[in-house]
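Q: just a sequence and a predicted model for now, questions to come.
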Amino acid sequence: MNKMIPPRKQAAFFDLDKTIIAKSSMLAFSKTFRKHGLLNRRTLVRAAYAQVVFQLVGANEKKMERIRQVALNLTKGWNRDRVSTLVQETLHEVVIPIIFDDAVELIEHHKREGRHVVIVSSAPHEVVEPIATHLGVDDFIATTSRLDAQGNYTGELEFYSYGHFKPEAVLKLAAQNDIDLNESFAYSDSITDIPLLECVGHPVAVNPDRELARIANEREWPIVHFTKEVTLWERIPVQALNENKMRAGLVVGITTVLCTALLFRKRSKK
């Protein structure tokens, strides 16, 4: 009697910047880093300019390499623990309001379907990890920096999650988790993620730049557009909202009783 072979797992791989969130995650934290003395005003202006270019033109290998070198030079000597703490403390202020609601719903859909959901981003590990935790995904792949003995960035990388390095990491993860890539999905906005999109059976272009849109049309890949950015309050669990309402109601009730008592006391004295 032949034994039934169980079906292999499926997965959904999501790029982060301009796919799950509306802008570059690293640039989104630039004001936070300046506020805490890690960046100066001139650098912040340059970062804002780079963000505009990134939004309007998109990324290519040359631009991304230049951004990578600038980022490595800027962050050299920063302490990883301090950066991680700043990101954790300001995540809900900086990143959560610019998450695409469509992306959140799509992630939840894949989770309900039992797929292994993974964020695959060129952003630093310290930035991607808390976002991945907030979204409740199963795993993430991110750029990892080299550290010195004091836990400071050396200006070099252990792993660069970009271009052809992304599918290499995806193949390794798929082997470890028995994932069938032919039955899996990948989502990205950038031409630089063609290698990632090509390594799955169901590639999808999200808010694609010009070159990715052209290739997606040529290859008849689905193209979707995410536009609605979700705010923090829209994604707070219902129970938490109800608890907040109860607290607010209690405060209003107590305030009303106190005001009434004071007013009655004043009238009594008259």
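A: Perfect, I can see it now.

Q: all strands of the protein, in order?
A: Ranges of strands in the chain, per DSSP state E, are 11-14, 99-100, 116-124, 139-147, 153-159, 185-188, 202-206, 223-224, 229-230.

Q: okay, buried residues for stretch 150-158 please.
A: 152-153, 155, 157 (16 or more other Cβ atoms under 10 Å). Where C-beta positions appear, they are placed from N, C-alpha and C, glycine not excepted.

Q: equivalent analysis for stretch 105-120, please.
A: Buried residues in stretch 105-120, counted by 16+ other Cβ under 10 Å: 106-107, 110-111, 115-120.

Q: make CSV out of the residues you listed and add distance to residue 218.
A: Shown next, in CSV, are those (distance: Cβ to Cβ, whole Å):
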residue, distance to residue 218
106, 24
107, 28
110, 26
111, 31
115, 27
116, 29
117, 28
118, 27
119, 27
120, 23
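
Q: any idea which of these is closest to residue 135?
A: Of all the buried residues of stretch 105-120, residue 107 has the smallest distance to residue 135: 6.0 Å, by Cβ to Cβ.

Q: surely that closest one touches residue 14?
A: Yes: if you go by Cβ atoms under 8 Å, residue 107 and residue 14 touch, sitting 6.9 Å apart.

Q: any shared contact partners between these two?
A: 20, 117, 137 (Cβ atoms under 8 Å, 6 or more residues apart in numbering).

Q: show me what contacts the first one?
A: Under the criterion of Cβ under 8 Å, 6+ apart, the neighbours of residue 20 are 14, 99-100, 103, 107, 119, 131, 135.

Q: please repeat the previous calculation with a cut-off of 7 Å.
A: Residues near residue 20 by Cβ atoms under 7 Å, 6 or more residues apart in numbering: 14, 99-100, 103, 119.

Q: cool, and the last one?
A: The contact partners of residue 137, taken as Cβ under 7 Å, 6+ apart, are 107, 117-119.

Q: from residue 188, how far out is it?
A: To residue 188, residue 137 is 15 Å away according to Cβ to Cβ, to the nearest Å.

Q: just to check, residue 225 is in contact with residue 207?
A: Yes: look at residue 225 against residue 207 with Cβ atoms under 7 Å: they come within range, at 5.7 Å.
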